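Student: Sequence and predicted structure, then a few things I'm wondering about:
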Amino acid sequence: MGAVAIRATGLSKRYRIGQLQRYKALRDSLTDAVAAPFRRLRTLLQSSGRREGAPEVEIWALKDVSFEIGRGDVVGMIGRNGAGKSTLLKILSRITEPTEGSAEIHGRVGSLLEVGTGFHPELTGRENIYLNGAILGMRRREIERKFDEIVAFAETERFLDTPVKFYSSGMYVRLAFAVAAHLEPEILLVDEVLAVGDAAFQKKCLGKMSGVAGEGRTVLFVSHNMAAISGLCRSAYLLDQGRLTLTGEPHRVIDTYLASLARSSRQPLSDRTDRQGDGRLKFTDLGFRSADTAVEVAQSGQDLEISIGYTSESQTLRNVLVSIGVFTLGGQCMLVLNNELVGTEFEAVPPAGRFSCLVERFPLAPGQYSINLYCEVNGVTADWIQHAADLTVEAGDFFGTGRLPPATHGGVLMPHRWSLAGSARDVEPEVRPV
Amino acid sequence: MIPAFIIRPTAGWKFLDVRELWTYRELVYFLTWRDIKVRYKQTAIGVAWALLQPLAMMAVFTLFFGRLARVPSDGVPYPLFAYVGLLPWQLFSRTIAESTNSLITDQRLITRVYFPRIIVPIAATLAALVDFAVSAVLLVGFLAFYRITPGPAVIWLPLLILLMLVTALGIGFWLSALNVEFRDVAYAVPFLNQLWLFVTPVVYPSSVVPAPWRALYGLNPMAGVVEGFRWALLGTGQGPSPMLAASAGVALALFLTGIVWFRRRERTFVDSIGSGGR
């Protein structure tokens, strides 16, 4: 593998917080609304964008990242939220420019940052294949040549002339992925967003990806799914706060990453900076309670209350969604606890308080888990912290039988009943009367 | 060896990368095609909207300006006079409305895939040409009805259509790029559209403007376009004049500065639009 596919040298990307929140700041107050147009006009005229007076907070989403990926390599990239993974993919796919540094790209780049980009609901499946193909950079002749193959892969022959707004979500995703999968770029950039969809679809995506790797194409793959990283990639990169901190053999990088997660989940939530969202609501702490007392560990079969403190800037927030995800350390999602799914609406949320979620007879097998917290206000992400806390589950009497499920079984515990049906003759079929 | 592409921060002012635009010509085609296909989906009368709008405006203008206010029309039947003016005006007003929002409407595209961003307002403008063509067919009927045959000046029409497109594209580049950072633009445009209609000789002829002021009046590029259309099709007014020259100059200036401004600001489009938490 002498040839280089991607060579990055000192890639850096700076965001100004003012730049990100500018739009919102405009309506914050009346005075600001009056002053802002003038101030922004000045910002606009000074091409460097630097304002006098109000100092802007700068964030380096990516800082001095250098690496070399050989042709045919499959590289996995891991790191927590805000570590710069998506920013790096965006720079490599030319969606945004780096602030400093450069990257050499040898070959056609295809990015699966999101399947179905540019699909129009009013257009038919056939029309969308052409439109989407052109958006992804395929020539019309190329699309015509691969058309039948794409349709066969997506299994949507019968609905080719139906507008995609009438498609089931499964059909929609299949068609979208089929187009993207037939792009056949020399370099493929994949974001974990691919991991949406049902299990069968995920398997298909991963299968297609290992197929791509087998054909000697270069793949850069971002994921939180450690099993996929270690299964598909020959090497892994760890990004931490915009810097490339470790490269090497996947298992070693994953172990380092998991260890750093364990450290940070002991850090108070209010101090965490590796979070995403617009911050209209922020989680401040998380605790567990069982039988009205604070506990450090949960027990299978015991009621567990997860209590989450928060603060918000507004007097009252409406239409708030809170979601708790419980994951294995390998990144496998075990449970999602979501207030809207169970029909609880948070319609008037005061500036500070605690959300509390009660899980009766906690159903996970003994082991180590990690908790993600997510909040949406009016459908827009307000706060999202991955690995907000560790959760240790100890063996407990889930089934009420006095027998403890062994930790080695893993997975989810489920109340169940056994029965046996049969007759005397069937039980001993070998013994026949003479 | 596969040719390398170098990604690095760009600085300074840039002009259109014509070669890159050429390699993306099929995308221009498909985005235009999408806009056309989608526009009249799920409407009862479909493309007839392209006829209904100028016809309704022509009727209202004829009644209020032609009959009641007795606005002169350079000796041409007022309905025809108004319709010929509305033809380029409608394309222009539709284009600035659509291209202003085009980058925001297509933000999912822009934040997910690379392509020359200037394609987006270009496609929005080209899509408006279809409505223009449909209304132009009706014009042929009107000319026959009023028994008016265009003179030799009609050979200038393609150039005037080009001037109309250059004007619409130039304004479209400016407004679409500005709207990414200042959503105020989207609110100002409908108002701007109305205002602009009245400083353009659509309901009245430019001959009502005193002759010494006409070149100044021509600084509104649409004034030259609309009067040019009437001259080429109906033979009214004068052909190449200081007014038309002023309009063409302003249109070209808007077009060129629009490209340069757009190319300057496009670097921060994705950062300004954001991409929804990803």
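Tutor: Alright, I've got the coordinates. Bear in mind that the values here come from a model prediction, so they are computed numbers and not experimental data.
Student: Could you tell me how many residues sit around the residue lying closest to B:A59 once chain neighbours are set aside?
Tutor: Closest residue to B:A59 apart from its sequence neighbours, by C-beta to C-beta, 6 or more residues apart in numbering or on different chains: B:P79 at 7.8 Å. C-beta: built from backbone N, CA, C; applies to glycine. Counted by other C-beta atoms under 10 Å in any protein chain shown, the residues lying close to B:P79 total 19.
Student: so which helix or strand takes in B:P79?
Tutor: When elements are assigned from DSSP states H and E, B:P79 belongs to helix B:78-105.
Student: which of the residues in that helix are buried?
Tutor: B:78-103 (16 or more other C-beta atoms under 10 Å in any protein chain shown).
Student: same deal with stretch A:135-152?
Tutor: Those would be A:I135, A:L136, A:G137, A:M138, A:E142, A:I143, A:K146, A:F147, A:I150, A:V151, for stretch A:135-152 by 16+ other C-beta under 10 Å.
Student: Quick check: the farthest pair among those residues?
Tutor: Spatially, the most separated pair among the buried residues of stretch A:135-152 is A:G137 and A:V151, at 19.9 Å (C-beta to C-beta).
Student: In the stretch 101-250 of chain B, which residue sits nearest chain A?
Tutor: At 3.8 Å from chain A, B:Y114 is the closest residue in the stretch 101-250 of chain B, using C-beta to the nearest C-beta.
Student: Please verify my assumption that that residue contacts A:S93.
Tutor: Yes: using C-beta atoms under 8 Å, B:Y114 is in contact with A:S93, at 5.8 Å.
Student: Compare these two (neighbour count), which wins?
Tutor: Between B:Y114 and A:S93, counted using other C-beta under 10 Å, the more crowded position is A:S93 (22 against 17).
Student: Regarding the nearest residue to the more buried one once chain neighbours are set aside, what is its secondary structure?
Tutor: Nearest non-adjacent residue to A:S93, counting by C-beta to C-beta, 6+ apart: A:S111, 4.0 Å away. At A:S111, secondary structure determined by DSSP: H, G, I helix; E, B strand; the rest coil is strand.
Student: what's the burial count for A:S111?
Tutor: By other C-beta under 10 Å, neighbour count at A:S111 equals 26.
Student: again, but for B:F15
Tutor: Counted with other C-beta under 10 Å, B:F15 comes out at 9.
Student: how far away is it from chain A?
Tutor: Per C-beta to the nearest C-beta, to the nearest Å, B:F15 is found 16 Å from chain A.
Student: still on that earlier bit, pLDDT averaged over the helix holding B:P79 - what is it?
Tutor: Averaged across helix B:78-105, pLDDT comes to 92.
Student: Which strands or helices does that helix pack on?
Tutor: helix B:49-61, helix B:119-145, helix B:157-181, helix B:184-198, helix B:221-234, helix B:269-273 (3 or more C-beta pairs under 8 Å, 6 or more residues apart in numbering or on different chains; DSSP states H and E).
Student: Buried ones in the longest one, by neighbour count?
Tutor: Yep, that's helix B:119-145 we're talking about. Buried-residue list, helix B:119-145, by 16+ other C-beta under 10 Å: B:119-132, B:135, B:138-139, B:142-143.
Student: and what of the shortest one?
Tutor: With burial defined by 16+ other C-beta under 10 Å, the residues of helix B:269-273 counted as buried are B:F269, B:V270, B:D271, B:I273.
Student: State the pLDDT value of the last one.
Tutor: The reference is to B:I273. 74.
Student: Report the contact partners of it.
Tutor: In this structure, B:I273 makes contact with B:L103, B:I104, B:Q107, B:I110, B:T111, B:V180, judged by C-beta atoms under 8 Å, 6 or more residues apart in numbering or on different chains.
Student: ok, 7 Å please
Tutor: Applying C-beta atoms under 7 Å, 6 or more residues apart in numbering or on different chains, we find B:I273 in contact with B:Q107, B:I110, B:T111, B:V180.
Student: Of the residues you listed, which fall within the contact range of chain A?
Tutor: By C-beta under 7 Å from any C-beta of the partner chain, the members of those lying near chain A are B:T111.
Student: Looking at the contacts of B:I273, which is nearest B:A188?
Tutor: When those are compared against B:A188 (criterion: C-beta to C-beta), the nearest one is B:V180, at 14.4 Å.
Student: how many other residues sit next to that closest one?
Tutor: Residues lying near B:V180 (other C-beta under 10 Å) number 22.
Student: how far away is it from A:S370?
Tutor: 38 Å (C-beta to C-beta, to the nearest Å).
Student: try A:K146
Tutor: Taken as C-beta to C-beta, the span from A:K146 to A:S370 is 41 Å.
Student: now A:R272
Tutor: For A:R272, the distance to A:S370 - C-beta to C-beta - is 14 Å.
Student: Ok, B:W196 next?
Tutor: With C-beta to C-beta as the criterion, B:W196 and A:S370 are 59 Å apart.
Student: Next one: stretch B:124-143, is it in contact with chain A?
Tutor: No: using C-beta under 7 Å from any C-beta, stretch B:124-143 stays clear of chain A, coming no nearer than 13.2 Å.
Student: Can you give the distance from that stretch to the centre of its chain?
Tutor: 13 Å (C-alpha atoms, centre = their mean, to the nearest Å).
Student: got it, and stretch B:120-139?
Tutor: That offset, for stretch B:120-139, works out to 9 Å (C-alpha atoms, centre = their mean).
Student: Any regions of chain B where pLDDT drops low?
Tutor: Scanning chain B for pLDDT under 70 picks out B:1-3, B:274-278.
Student: which bits of it sit near chain A?
Tutor: So far as C-beta under 7 Å from any C-beta goes, chain B lies against chain A at B:2, B:4-10, B:26-27, B:30, B:34, B:37-38, B:41, B:108-109, B:111-114, B:267, B:270-271, B:274, B:277-278.
Student: Would you write a PyMOL line that selects the buried entries of these?
Tutor: To isolate the buried members of the residues of chain B next to chain A in PyMOL, using 16+ other C-beta under 10 Å:
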select buried, chain B and resi 7+26+27+30+34+37+108+109+111+112+113+114+270+271+278
